[in-house]
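Trainee: with the input below, show me the fold.
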Amino acid sequence: MRIAMRKRLVLDATLKKDQIRAPLSRDDGADASTAIDTDTTIASTPGFPRRFLLNQSGRQRYADGGVWASIERRQTVPYAAGTSSATVLSPSSEYPQPLSNPTASADLKLLHPPTERIFPLWQVYLENVDPIIKILHVPTTQKQLLQASQSLNGLPPSFEALMFAIYYAAVSSMQDTVHEPAERSELLDKHGSGVEQALAKASFMTEPDLFALQALTIYLHCARATGHRPPAQVWALTGLLLRLARKLGLHQNPSTLGFSPFESQIRSRLWWFIFVLETMSAEDNDMAISINNYQHRVDRPKCVNDTSLEVSMSAVVEGSSRRSEMVFTERLLDISQTTSRQLFATELGMTDQSPQDVDDDIRSMSSLWELLDQSLDWKTAIGRFVQQYTNVEERRMRIINRLANGDVHYPSSLDFDKEPDVAAVDILNDIDDAGFPERAKKFAWFLRNPAEMVAVAALLDSILTKRDEYSRKFAQDSQHLIDQCFARANRDGRLRSGDPRWRLLEHQYVSMQRFLAEADDIAQI
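Mentor: Alright, predicted model coming up:
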């Protein structure tokens, strides 16, 4: 009885603080128009409760389910004036719309780094990017890149776009200790502009080729991973990329189209990384994927090192899948196929699995990955990263499944009410510099932003949904982890990318502070 009375008092108490600020707050005179508008109406699709239309003051957004739309549905407390972030921008941020730069006819040589910096950037790409975005055939690309760097005049525009994508990816992967945040952001803007202008110059939408699609795929993977571009832009451009890939026949098994073994492997690599990007960007935007495992006929790329691939080869001899340069690609494709099959299966009409069935399948897949990990070479940086990435992604998938189906009843024996909290804290500890394996830190850039956003969302949503004594204690204990995420996102420029998910998380953070203040007030009664 007393507990029930206490909960009611907490919920009904009037906030006595004059103002509760978000982790990074504006000045008092800030324009409140940037606050999240929670005057939201929701129209669900009959028979499909996870599909709905969000209507926020005339702005409509459809969702096939997913984490962010599910959290928006549960928003009840509006942002107070003066509590929005100083660095989170509205969707119409300072970033130009993609592929619409008015200086597309400018001299692209001005956007290239100095000649003496091109090869060092390529080395960074080989060290930090190529092992996890295994699209290029390194010996061939390196020869072409060195030749092109000798004279930037008359370069094929699509290959020039690939050069800019390599620069962009290299800078994306660099730690804060290499570049100051402002310098890093400036370089990303410069090289990203180079990618887009070179693609426009190549008329890639009407005359696409493999160089252009490789460039756009690498660019979008890095822009998504680092949060440099808003998720809506990445998702829209991924849709364009997918259509262009189909125009080149990448969705068909290359061997059936008469391509050589070498060409088949290059095309297969590119197609599957487009598939991965489509899965990731759809999830970021609460949308079902546009392609699934049954809508293409492309074999996975073979687990062979680049040195074993030759232009004149008559057949591909597959080596050890656990110790090849493709080891992370194998795991990434496993995870992406699991995500597309399980998290979006109902929307695609592929299965009628319940969320509990999905979670059981994720657990089974996790057990399989644990067995495969036993054969990894732990002496290599990529071997350590495969394990770290798998651990984080397995927890993240279970969190997403739980958040997207928050109203589904689970057996009490599974203890799902507390599991997302624990999994989220584990993720934040794993992606922190102190918790990341030293030799694998050079790959952390690919994992950190997407993982920590979902983890913070899970923590805040759980705290605000329960609003009990356990939640209050958990909020106090985990607030430093949440603060670290906001500080890191502010430092490396993710808060300036126009990503609405950060604004939503700030709204949640303010609500959590309000909940803690109310609980403190009640405790003093």
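Trainee: all helices of the stretch 401-525 of the chain, in order?
Mentor: Secondary structure of the stretch 401-525 of the chain by DSSP state H, counting those that start in this stretch: the helices cover 419-431, 448-466, 469-491, 500-523.
Trainee: highest mean neighbour count out of these?
Mentor: Among the helices of the stretch 401-525 of the chain, helix 448-466 has the highest mean neighbour count (mean count of other CB atoms under 10 Å), at a mean of 24. Where C-beta positions appear, they are placed from N, C-alpha and C, glycine not excepted.
Trainee: could I get the helices of the stretch 401-525 of the chain as TSV with mean pLDDT and distance to F164?
Mentor: TSV is the format used below for these (pLDDT from 0 to 100; distance: least, CB to CB, whole Å):
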stretch	mean pLDDT	distance to F164
helix 419-431	85	28
helix 448-466	89	22
helix 469-491	86	25
helix 500-523	84	27
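Trainee: make JSON lines out of those helices and add distance to P437.
Mentor: Shown next, in JSON lines, are the helices of the stretch 401-525 of the chain (distance: least, CB to CB, whole Å):
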{"stretch": "helix 419-431", "distance to P437": "10"}
{"stretch": "helix 448-466", "distance to P437": "14"}
{"stretch": "helix 469-491", "distance to P437": "18"}
{"stretch": "helix 500-523", "distance to P437": "27"}
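Trainee: figure out which of these is closest to P301.
Mentor: helix 448-466 (23.2 Å; CB to CB).
Trainee: tell me the angle the closest one makes with helix 419-431.
Mentor: Relative orientation of helix 448-466 versus helix 419-431 (axes from the mean of the first three to the mean of the last three CA atoms, to 10 degrees): 150 degrees.
Trainee: quick check: angle from helix 448-466 to helix 469-491?
Mentor: Using the same axes, to 10 degrees: helix 448-466 against helix 469-491 is 150 degrees.
Trainee: ok but Q60 is inside a strand, no?
Mentor: Yes - using DSSP: H, G, I helix; E, B strand; the rest coil, the secondary structure at Q60 is a strand.
Trainee: just list whatever residues bridge to it.
Mentor: Here Q60 sits in beta bridges with N55, going by DSSP bridges.
Trainee: do you know which of the helices of the stretch 401-525 of the chain lies nearest L244?
Mentor: Closest approach to L244 among the helices of the stretch 401-525 of the chain is made by helix 448-466 (24.4 Å; CB to CB).
Trainee: low-confidence ranges in the stretch 201-350 of the chain?
Mentor: 292-295, 318-323, 342-350 (pLDDT under 70).
Trainee: right, so of the helices of the stretch 401-525 of the chain, which gets closest to E310?
Mentor: That would be helix 448-466 among those, by CB to CB, at 35.9 Å.
Trainee: could you work out the end-to-end span of stretch 437-444 for me?
Mentor: Start-to-end span of stretch 437-444 (CA to CA, to the nearest Å) is 9 Å.
Trainee: circling back to that earlier point, nearest to I166, of the helices of the stretch 401-525 of the chain?
Mentor: helix 448-466 (20.5 Å).
Trainee: could you export that closest one as PDB, CA atoms only?
Mentor: Listed next in PDB are the C-alpha coordinates belonging to helix 448-466 (Å, rounded to 0.1, in the frame of the first residue of the first chain):
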ATOM      1  CA  ARG A 448      30.800   2.500 -31.400                       C
ATOM      2  CA  ASN A 449      28.100   4.900 -32.700                       C
ATOM      3  CA  PRO A 450      25.400   2.500 -33.700                       C
ATOM      4  CA  ALA A 451      25.900   0.300 -30.600                       C
ATOM      5  CA  GLU A 452      26.000   3.000 -28.000                       C
ATOM      6  CA  MET A 453      22.900   4.800 -29.300                       C
ATOM      7  CA  VAL A 454      20.800   1.700 -29.000                       C
ATOM      8  CA  ALA A 455      22.300   1.000 -25.500                       C
ATOM      9  CA  VAL A 456      21.500   4.500 -24.200                       C
ATOM     10  CA  ALA A 457      18.000   4.200 -25.700                       C
ATOM     11  CA  ALA A 458      17.400   0.900 -23.900                       C
ATOM     12  CA  LEU A 459      18.600   2.300 -20.600                       C
ATOM     13  CA  LEU A 460      16.500   5.500 -20.800                       C
ATOM     14  CA  ASP A 461      13.400   3.700 -22.100                       C
ATOM     15  CA  SER A 462      13.500   1.100 -19.400                       C
ATOM     16  CA  ILE A 463      14.000   3.700 -16.600                       C
ATOM     17  CA  LEU A 464      11.100   5.900 -17.900                       C
ATOM     18  CA  THR A 465       8.800   3.000 -18.500                       C
ATOM     19  CA  LYS A 466       9.000   1.400 -15.100                       C
END
